[in-house]
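Student: here is a sequence with its predicted model. Questions after.
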Amino acid sequence: VRAGSRSRPGARGGACPPAVPGYGCRGPAAAAMGKETIRVYARVKPLGRRQQAGSYSVDDEEPLPSLEIAVPRDLADGFINNKRESYKFKFQKIFGQEAKQDVIFDSIAKPVAECVLAGYNGTIFAYGQTGSGKTFTITGGAERYSDRGIIPRTLSYIFDQLQKDSSKVYTTHVSYLEIYNECGYDLLDPRHEASKMEDLPKVTIMEDSDQNIHLKNLSLQQATNEEEALNLLFLGDTNRMIAETPMNQASSRSHCIFTIHISSKEPGSATIRHSKLHLVDLAGSERVAKTGIGGHLLTEAKYINLSLHYLEQVIIALAEKNRSHIPYRNSMMTSVLRDSLGGNCMTTMIATLAMDKRNIDESISTCRFAQRVALIKNEAVLNEEIDPTLMIVQLKKEIQDLKYELALVTGKQRTSELSQEELLQLDELIETFLRDNDPDSSLDVGADMRKIKYCFVHMKQIINHPVTSGTKLLSQDISEEKNSNKEAGEELEKLKGLLQQRDNEINILVTMLKKERKKARDALSQLNAISAGSTVLEQSLSMSLEESQSPSRCFSLKEAKDLSSSVPRLPFLSRETGGKMSLGCQEAFEVFKRDHADSITIEDNKQLLKQRFDEAKCLGEKLNEVRNKINHLKGKVIQRQIQRAALGKS
Ligand code: ADP
Ligand code: MG
């Protein structure tokens with residue numbers, strides 16, 4: 001983990017804008033330069049049940065409110081008379097006992113979180129004696145959800161904002177460091193549960209040649225959402241409690257630094273912004289001298305915690321003008337927080353005060369410390385870095401573009417042969433271009449005459465030798481056309497064959513017909529020549545029938561007889577004669593009729609039919625008569641109707 005840096009290669013940007021509550025670090029104003037003092041707030045803890053209230057008052061003076069603390073008379077009386085009885089301290093804002101956690105977050109932490117989101121470093125640290133509410137303010141109370149402190153609220157706010165901002169890609173990590181007795185411990189180390197605190201690998205400080213501080217053995221855990229980050233916070237807090245024993249009041253003597261690391265990048269940009277937010281719960285600021293040691297009460301007493309002593313020294317040095325050396329390196333805590341104190345950071349301090357009578361002296365010490373801190377000027381700069389790999393890709397592309405442009409402007413053409421890869425690329429481009437149905441599509445090969453020439457040659461090949469040019473596109477079209485032609489030809493051939501077949505069939509039938517006719521004629525002349533006889537006719541009929549049928553079939557005489565009753569089927573009853581028989585034929589028919597077994601029945605039927613026909617004719621005539629009558633009457637009715645209508649009108 002890079003903890004702090006004096007000079008950062010590739011870093012650029014401006015300082016955070018003036019420290020006005022509600023200022024925004026986002027937008028163009030964020031680039032404004034300028035130094036800014038550390039903002040110091042005071043928060044007074046509510047009195048405990050048995051605690052006696054100390055005397056203090058808050059004055060909302062302009063421009064900054066002040067806190068006046070009166071030293072109780074009984075205490076002051078014991079001292080030298082020239083001691084002051086009341087002390088007045090200025091703060092950015094003073095939060096009374098009733099101030100709720102959400103108000104603290106909105107006024108103190110939110111503006112810093114905004115700056116961190118914009119790419120600046122931020123630090124919020126709580127300073128005060130043990131029991132004054134540092135942990136309550138930074139982490140929060142465990143009893144109520146509304147008691148959540150700055151860390152969970154800040155995480156919630158940050159992840160909320162990140163989710164809303166889709167213009168950048170963000171990555172967030174957290175680390176949780178505890179410094180106890182000048183030793184650093186990784187509170188997120190998973191081995192915490194299994195081993196003793198002393199056995200864990202210590203977090204140590206390393207400084208590189210650019211004076212950047214790196215923390216060895218401090219893990220950076222990625223947190224992609226609020227829940228993951230909160231789980232890490234709880235893990236760290238649990239580990240912190242495990243290490244604590246009644247004998248070893250670690251929580252009041254150790255410093256805890258929860259850090260949120262954010263990096264952001266706009267898509268496609270090579271610039272990365274890094275920022276980190278330290279949320280610091282310092283060790284109790286109580287000093288050696290306590291009530292009862294007369295004369296020393298309100299003078300500077302020694303810190304119980306040595307690193308707080310070094311912190312104070314750093315702050316004194318920073319507050320003094322013309323001090324060139326700042327003793328950051330004296331303690332681990334000041335090294336880690338170097339940027340937060342007099343460096344590249346937006347820093348805010350919360351002085352937590354327990355204003356009961358017994359703790360008045362400590363509260364005054366806390367306020368004194370706060371006044372010194374308020375003098376320190378910091379300069380937060382935008383922590384931007386260029387991602388080298390992305391930069392290389394961008395520069396390569398720029399070089400290529402410039403080369404093209406240069407070739408176009410100077411008219412100087414490259415003479416080297418196009419590579420196999422380039423040729424393949426061009427082939428692909430030509431193919432897509434030819435396939436594109438959009439009339440506005442263009443073939444863009446850049447300002448390279450070699451490529452342009454190649455395209456022309458290739459296109460010419462395609463046009464002149466569509467099949468051999470190997471262009472799938474054209475050859476495909478041609479084969480498609482060929483296919484359709486072939487299909488049509490096949491159809492034509494088929495139809496032609498069919499036609500030929502029909503012609504042949506017709507020819508065969510015609511010759512057959514002719515033969516039959518000839519045979520019929522011959523048979524008739526034979527009949528005329530010899531005396532007519534049923535036996536002869538039957539014979540002749542059977543013969544002609546046999547021949548007219550297919551050779552595989554032979555008719556018996558009986559069949560021929562049956563057939564003879566259905567005369568129209570006989571071949572000699574040709575259509576050409578309109579179904580009427582020739583003279584010879586009629587005679588033969590008469591003979592046949594006379595000799596036929598059913599001839600009497602036929603004659604009877606004929607008579608009956610004639611009779612019926614006459615009856616029908618008679619009825620038809622009658623019917624016609626009646627119809628005429630009806631028509632006549634109809635005409636009369638119409639006439640009447642017309643007459644009536646005419647009468648009705650008049
Ligand atoms: P520190 O971390 O400075 O030693 P704590 O934050 O542990 O002090 O606070 C000591 C006790 O006082 C805790 O029980 C805490 O819940 C309570 N406390 C501190 N500040 C407040 C406050 N503003 N409102 C309500 N309770 C508080
Ligand atoms: Mg605490």
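Tutor: Cool, the structure landed. Ligands and ions are numbered 1, 2, ... in the order given.
Student: helices or strands up against the helix ranked longest in the chain?
Tutor: Assignment by DSSP state H gives helix 472-529 as the longest helix of the chain. Other elements packing on helix 472-529 under the criterion 3 or more CB pairs under 8 Å, 6 or more residues apart in numbering; DSSP states H and E are helix 420-435, helix 534-548, helix 583-595. (C-beta placed from N, C-alpha, C; glycine too.)
Student: where among those is the average confidence lowest?
Tutor: Considering the helices and strands packed on helix 472-529 one by one, the lowest average pLDDT is found for helix 534-548, at a mean of 47.
Student: so residue 94 touches residue 58, yeah?
Tutor: Yes. In this structure, residue 94 sits in contact with residue 58. The criterion is CB atoms under 8 Å, and the distance is 5.0 Å.
Student: whichever helix or strand residue 67 is part of pairs with which strands?
Tutor: Taking DSSP states H and E as the definition, residue 67 sits inside strand 66-70. Applying DSSP bridges, strand 66-70 is found paired with strand 55-59 (antiparallel), strand 86-90 (antiparallel).
Student: more crowded one of residue 94 and residue 58?
Tutor: Just comparing residue 94 and residue 58: by other CB atoms under 10 Å the higher neighbour count belongs to residue 94, 22 against 16.
Student: dump the residue contacts of that one.
Tutor: By CB atoms under 8 Å, 6 or more residues apart in numbering, residue 94 lies in contact with 41, 42, 43, 44, 58, 65, 66, 67.
Student: so which bits of the protein are right by ligand 2?
Tutor: For the chain, the residues found near ligand 2 under the criterion CB under 5 Å from the ion are 134, 135.
Student: which single residue of the chain ends up nearest ligand 1?
Tutor: When CB to the nearest ligand atom is the measure, the chain has its nearest residue to ligand 1 at residue 133, with 2.8 Å between them.
Student: excluding its backbone neighbours, what's nearest the closest residue to ligand 2 within the stretch 101-250 of the chain?
Tutor: Proximity to ligand 2, evaluated over the stretch 101-250 of the chain using CB to the ion, is greatest for residue 135 at 3.2 Å. Residue nearest to residue 135 in three dimensions, not counting chain neighbours: residue 281, with 5.5 Å by CB to CB, 6 or more residues apart in numbering.
Student: what's the answer for residue 279, then?
Tutor: In space, not counting the residues next to it along the chain, residue 279 is nearest to residue 258; the distance is 4.6 Å by CB to CB, 6+ apart.
Student: identify the contacts common to residue 94 and residue 58.
Tutor: Between them, residue 94 and residue 58 share the contacting residues 65, 66, 67, judged by CB under 8 Å, 6+ apart.
Student: who's the nearest residue to the first one once chain neighbours are set aside bridged to?
Tutor: With sequence-adjacent residues excluded and distances taken as CB to CB, 6+ apart, residue 65 is closest to residue 94, at 5.2 Å. According to DSSP bridges, the partner residues bridging residue 94 are residue 42.
Student: against residue 226, how distant is residue 153?
Tutor: Separation of residue 153 from residue 226 (CB to CB, to the nearest Å): 10 Å.
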